[in-house]
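Novice: Using only what follows, build the 3D model:
(one chain, ligands or ions: 2)
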Amino acid sequence: MAETRLLVASRNAKKLRELRRVLDTAGISGIELVGLNEVPEFPEAPETGATFEENALAKARDGAAATGLPCVADDSGLEVDALNGMPGVLSARWSGVHGQDDANTALLLAQLGDVPDERRGAGFVSACALAIPGGTESVVRGEWRGSVARSPLGENGFGYDPVFVPEGERRSAAELSPEEKDAASHRGRALGLLIPALRALSS
Ligand SMILES: O=P(O)(O)OP(=O)(O)OP(=O)(O)OC[C@H]1O[C@@H](n2cnc3c(O)ncnc32)[C@H](O)[C@@H]1O
Ligand SMILES: [Mg+2]
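Specialist: Ligands and ions are numbered 1, 2, ... in the order given. Down below sits the predicted model:
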C-alpha cells in the first residue's frame, strides 16, 4: 500500500527537526513526512491569532487546503508568570524582529532583571493541530513548566531553551540532549496526544 503523506508545516528549521523527530520516534509506520520545501509554495497567513490553538489550526488548515495533504502544525511560545503570560503568542518576535532568538532572549532577561528566583516561573506551551482535507480538524496542547534562568546556558534546541530550566532539572533545556527534551517538552507532549489520530490516518 502507498504511504500516506503528511505535511509538517513549519518555517523554523530547528522546530521542524523536532516535529519530525518526535513523529518518527512515535513510529507511526505507513506515513511519509513531507516538509514545506517539498511542496509547491503557497501564501501563508500571518500568525495573528490570540491563542496558540487558533494559530496552529490556521497553519494546518492553510497547508492542507493548499496541498490536499493532511497537515500538522505547531504554534508555541513561552508564558512567563511575572509578565502575566507574555511573551506568549508573541514569543517568536518579542524583540521586534521575527525569529531573532538571541535578541528575544536578551530582552526577556533584561525585563526580568529585578525579579527574584521564587517568582521566575514560566511554562512553554505548544498547540499542535492536524487538518485533514475534506475531513476533521483537531488541536491539542502540551505544557512544560520551569523557570527563567539569569543567563543563557547550552547549545542545543532553539529559541528560549538556553534560559529555560525545566522543573526538576538544574540544566537548561539547551543543555538537555534532543531525546531528553522530546521526552519532557511541551511539543513532545502535544504531539503524543495526536498520535492516535495520526495512526488512524495511516491505516
Ligand atoms: O511558525 P513556524 O514556522 O512553525 O515557526 P516559528 O518559529 O515562527 O514558531 P511560532 O510562530 O510557533 O513561535 C514560537 C516561538 O516560541 C519559542 N519557542 C517555541 N517552542 C520552543 C522551544 O521548544 N524551545 C525554545 N523556544 C521555543 C521560539 O522563540 C519560537 O520562535
Ligand atoms: Mg511562526
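Novice: For burial, what's the neighbour tally of the residue nearest to A106 when sequence neighbours are not counted?
Specialist: In this structure, A106 finds its nearest non-sequential neighbour in S95, 7.4 Å apart by C-beta to C-beta, 6 or more residues apart in numbering. Backbone N, C-alpha and C define where each C-beta goes, glycine included. S95 is flanked by 15 other residues according to other C-beta atoms under 10 Å.
Novice: what does P40 give?
Specialist: The local packing of P40 (other C-beta under 10 Å) involves 7 other residues.
Novice: Determine the three-state secondary structure at the residue nearest to A106.
Specialist: Classification of S95 by DSSP: H, G, I helix; E, B strand; the rest coil places it in coil.
Novice: Before we move on, what's the pLDDT of it?
Specialist: S95 is assigned a predicted lDDT (pLDDT) of 97.
Novice: swap in the one 5 residues further on?
Specialist: Model confidence at Q100, expressed as pLDDT, equals 96.
Novice: before we move on, what about the one 5 residues further on?
Specialist: T105 is assigned a predicted lDDT (pLDDT) of 98.
Novice: Surely it and Y160 touch.
Specialist: Yes. Applying C-beta atoms under 8 Å as the test, T105 and Y160 come out as touching, 5.8 Å apart.
Novice: How many residues are close by the closest residue to ligand 1 within the chain?
Specialist: As assessed by C-beta to the nearest ligand atom, ligand 1 sits closest to G159 within the chain, at 2.3 Å. Per other C-beta under 10 Å, the neighbour tally for G159 reads 22.
Novice: OK, contacts around it?
Specialist: 14, 78, 91-92, 101, 104-105 (C-beta atoms under 8 Å, 6 or more residues apart in numbering).
Novice: go again using 7 Å as the cut-off
Specialist: By C-beta atoms under 7 Å, 6 or more residues apart in numbering, the contact set of G159 is D101.
Novice: Please identify the helix or strand for it.
Specialist: Counting by DSSP states H and E, there is no helix or strand that carries G159.
Novice: Pull up the gap between S10 and A127, please.
Specialist: Here the criterion is C-beta to C-beta, to the nearest Å. By it, S10 lies 13 Å from A127.
Novice: Over to F42?
Specialist: Per C-beta to C-beta, F42 is found 21 Å from A127.
Novice: swap in I28?
Specialist: Taking C-beta to C-beta, one finds I28 at 20 Å from A127.
Novice: Could you do D102 as well?
Specialist: Remark: distance between D102 and A127 (C-beta to C-beta) = 25 Å.
Novice: Give me the three-state assignment for S76.
Specialist: Applying three-state DSSP: S76 is strand.
Novice: Not counting sequence-adjacent ones, nearest residue to it?
Specialist: S126 is the one closest to S76 (C-beta to C-beta, 6+ apart), at 4.1 Å.
Novice: cool, and A190?
Specialist: Once flanking residues are discounted, A190 sits nearest to G142: 3.3 Å by C-beta to C-beta, 6+ apart.
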